[in-house]
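1. A structural model of the following input is requested.
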Amino acid sequence: MAKPNVKLCGMYPILATPFHDDESIDFKSLKALIDYLIGEGIDGVVTLANASEGHLLNDAEKQQLASEVIKITGGRVPVVISVSHFSSRIAAEKAAWAEKEGADAVLTLPPFFGRWKSGVKTIKEYLLKISDAVSIPIMLQDHPLTDIILTPGDLCKLISEVPGLDYLKMEVDTSAVKVGDTLACAPDTFQGIFTGMAGVRIFWELEAGAVGCMPACVPAKPLADIIHLYWQGKKDESFDLFQKWLPFLAFLLRVGRRDIVKEYLASKGVIKSTKLREPNITAWNDWARTQYEYLLERIES
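-> Numbering: from 1, shown residues only. Have a look, this model is predicted:
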């Protein structure tokens with residue numbers, strides 16, 4: 001598959017939010033992180049999503065962080081801002097603010113609150129509110145966190161009926177198959193599907209027609225290279241690199257999560273501290289750290 005002819009495509013890492021030990025945002029490390037990722041060959045950045053610890057920031061911090069990301073990036077790569085909220089009005093206000101600040105697209109989960117889940121009709125109304133508020137692309141995130149099941153037909157209906165719903169981010173377990181099934185019924189104006197989940201299925205998702213991946217921000221260069229090699233028609237090289245990093249990606253997704261992201265970045269001298277906002281629901285401990293270090297040593301050697 002050649003590089004997709006769309007506005008957004010490729011490796012779009014979700015920026016970690018660096019903190020000082022007192023849990024205030026470390027903007028100096030944020031700049032270093034963005035510069036580092038651009039140097040690693042990524043194609044865009046995402047902030048305020050789950051891997052950014054966006055759910056642990058207050059509203060003032062969210063605005064300050066998003067503004068700084070856009071300012072630091074300075075047009076070098078596109079910026080996607082998450083605007084998820086259970087309220088349609090507030091999500092639309094967040095989206096309008098993001099566009100005014102200079103975001104290139106907005107990302108949102110369908111509205112849910114615990115076990116209060118929305119159906120296709122409610123999701124459509126929610127997205128139409130956002131659509132009325134912005135002229136930049138909207139990306140809907142299909143994620144098991146919401147416990148909302150959207151079929152390819154549901155997604156295609158939403159794409160067809162919501163102006164500006166140009167992208168999806170698909171993270172369900174059957175993502176590779178669902179990517180292909182959704183693209184088969186999507187209108188010609190649809191721009192594409194990104195995936196995530198640390199990139200553990202990225203090769204097969206590319207095979208199914210995905211335009212890119214939005215994982216955590218490590219390991220940035222290997223994931224960017226897997227995508228770019230695939231675009232260059234170097235399918236075997238792309239698969240070999242994917243196969244090499246797959247154990248690390250799986251361990252990151254299922255065990256280390258945010259801890260590994262910040263351990264990795266701090267070890268590279270990119271961010272100053274590995275501090276995470278509390279509570280940190282994790283399986284990370286001393287044993288997990290030894291496994292992470294072993295994996296990284298084996299891969300990098």
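2. Return the list of helices and strands in contact with the longest helix along the chain.
-> Criterion DSSP state H: the longest helix present in the chain is helix 235-251. Applying 3 or more CB pairs under 8 Å, 6 or more residues apart in numbering; DSSP states H and E, we find helix 235-251 packed against helix 202-208, helix 220-231, helix 286-300. Quick note: C-beta positions are derived from backbone N, CA and C, even for glycine.
3. Give the buried residues for it.
-> For helix 235-251, burial by neighbour count (16 or more other CB atoms under 10 Å) applies to 238-239, 241-242, 245-246, 248-249, 251.
4. okay, which residue is most central for the protein?
-> Centroid check for the chain by CA atoms, centre = their mean gives M214 as the closest residue, at 3.3 Å.
5. What does the pLDDT read for the closest residue to I299 other than its chain neighbours?
-> Leaving aside its chain neighbours, I299 sits nearest to F248 (5.8 Å; criterion: CB to CB, 6 or more residues apart in numbering). The model reports F248 with a pLDDT of 96.
6. so how far is K121 from F248?
-> Distance, F248 to K121, using CB to CB, to the nearest Å: 41 Å.
7. ok, back up a step: ok, the residue nearest to the centre of the chain touching D43?
-> No: with contacts counted by CB atoms under 8 Å, M214 stays clear of D43, the gap being 10.5 Å.
8. Now for those two: what residues contact both?
-> Y12 (CB atoms under 8 Å, 6 or more residues apart in numbering).
9. the helices in the stretch 1-150 of the chain, which residues?
-> 27-39, 59-73, 88-101, 120-133 (DSSP state H, counting those that start in this stretch).
10. Dump the ones you listed to JSON lines, plus distance to T182 and mean neighbour count.
-> Formatted as JSON lines, those follow (distance: least, CB to CB, whole Å; neighbours: other CB atoms under 10 Å):
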{"stretch": "helix 27-39", "distance to T182": "28", "mean neighbour count": "19"}
{"stretch": "helix 59-73", "distance to T182": "29", "mean neighbour count": "18"}
{"stretch": "helix 88-101", "distance to T182": "23", "mean neighbour count": "19"}
{"stretch": "helix 120-133", "distance to T182": "14", "mean neighbour count": "18"}
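11. Could you list the low-pLDDT ranges of this structure?
-> For the chain, no stretch is flagged by pLDDT under 70.
12. one more time with 80
-> For the chain, the stretches flagged by pLDDT under 80 are 1, 113-115, 117, 146, 281-282.
13. thinking again about what came up before, ok, now how distant is the residue nearest to the centre of the chain from T122?
-> M214 is 24 Å from T122, by CB to CB.
14. Same question for N50.
-> 22 Å.
15. do the same with I136
-> From I136 to T122 the distance is 23 Å (CB to CB).
16. Can you tell me what sits against the longest helix of the chain?
-> 198-200, 202-203, 206, 215, 219, 222-223, 225-227, 229-230, 260, 291-292, 295-296, 299.
17. Nice, that's everything, thank you.
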